[in-house]
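Q: how would this look folded up:
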Amino acid sequence: MLDPKIISNTEDRMKKTVEVFKKDLIGIRTGRATPAILDKVQVEAYGSMCPISQVANITVPDPRSIVIQPWDKSVLSTIDKAIQKSDIGIHPVNDGNIIRLSIPPLTGERRKELTKVVKKKAEEGKVSLRNIRRDVNDELNKLKKSSVASEDEVKRAAEQVQKITDKYIKTFDDIAAAKEKEIIEG
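A: The predicted structure is shown next:
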C-alpha cells in the first residue's frame with residue numbers, strides 16, 4: 001500500500017519551488033519603484049549583516065523613486081555603500097538624513113534582456129519541478145521493486161505526480177508571462 005504522503009510531499013515541494021521563483025522575480029526591476037528591489041541588499045549594522053528593511057523605513061513616494069530613512073543615522077553611510085556595491089544598478093543620493101533612489105525608465109534593449117532573464121529563471125524552475133517528479137518516480141519504482149506497492153498503485157501514483165507537475169509547470173508559465181508583460185509595458 002502506498003503512503004499518501006508521497007503525493008502531498010511532492011505537491012509541497014513543488015509549491016515551494018514556485019514560491020522561490022516568485023521571490024526571484026520580485027527582484028527584477030520593471031521600471032517601477034518597489035521596496036522589493038532592495039530585498040537582497042545586505043547592510044552591516046550592529047555587528048551583523050541584515051537586510052535594509054531591518055535598519056530603515058523604506059517608502060515609495062512616487063512610481064519612480066524610493067526613499068530610505070534609517071532609524072539610526074549612524075548606518076546611513078553603510079546603507080549607501082551597500083546599495084552602491086549591489087547589482088541593482090541604481091545610484092543612491094544621500095542627503096545626510098535619507099537616501100533617495102531614482103528608478104530610471106527601462107530602455108527597449110534592457111526590457112528585452114530582462115524578459116530573457118525571466119524566461120531563464122522560469123526554465124530553471126521547471127527543471128527543478130521535473131527533478132522533483134523524477135525523484136518521486138524513482139521512489140515509487142523502488143517501492144514496486146520491493147513489493148511494498150503493486151504495479152497498478154505505482155502507475156496511478158505516477159499519473160498523479162505527472163498531473164501535479166503539469167499544473168505547476170503551467171503556473172510557472174503564467175507567472176513568467178505576467179512578469180514579462182509587466183516588464184514590456186513598464
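
Q: so where's the protein uncertain?
A: Counting by pLDDT under 70, the chain contains low-confidence ranges at 1, 29-31, 186.

Q: what about the strands in it?
A: Using DSSP state E, the strands of the chain run over 42-45, 48-51, 56-62, 65-70, 92-94, 99-102.

Q: check contacts around Leu101.
A: Contacts of Leu101 were listed using C-beta atoms under 8 Å, 6 or more residues apart in numbering, and they are 33, 37, 65-68, 83, 90-93. Every C-beta, even on glycine, is put in place using the N, C-alpha and C of the backbone.

Q: Okay, and the beta partners of it?
A: For Leu101, the beta-bridge partners are Ile66, Pro92 (DSSP bridges).

Q: re earlier: of the contacts of Leu101, which is the nearest to Asp166?
A: Checking those against Asp166 with C-beta to C-beta, the nearest one is Ile37 at 32.9 Å.

Q: what separates the closest one from Leu140, distance-wise?
A: Using C-beta to C-beta, to the nearest Å, we find Ile37 at a distance of 42 Å from Leu140.

Q: Show me which of the two is the more surrounded one.
A: Ile37 (24 against 21; other C-beta atoms under 10 Å).

Q: I figured the more buried one hits Gly27, correct?
A: Yes - at 6.6 Å, Ile37 counts as touching Gly27 under the criterion of C-beta atoms under 8 Å.

Q: For the residue of the chain most remote from its centre, give me phi and psi.
A: Relative to the centre of the chain, the most outlying C-alpha is that of Ser147, 40.4 Å out, by C-alpha atoms, centre = their mean. Dihedral pair for Ser147: phi 60, psi 20, per degrees, to the nearest 10.

Q: Relative to Glu153, how far out is it?
A: 11 Å.

Q: neighbours of Glu109, just the number please.
A: Counted with other C-beta under 10 Å, Glu109 comes out at 8.
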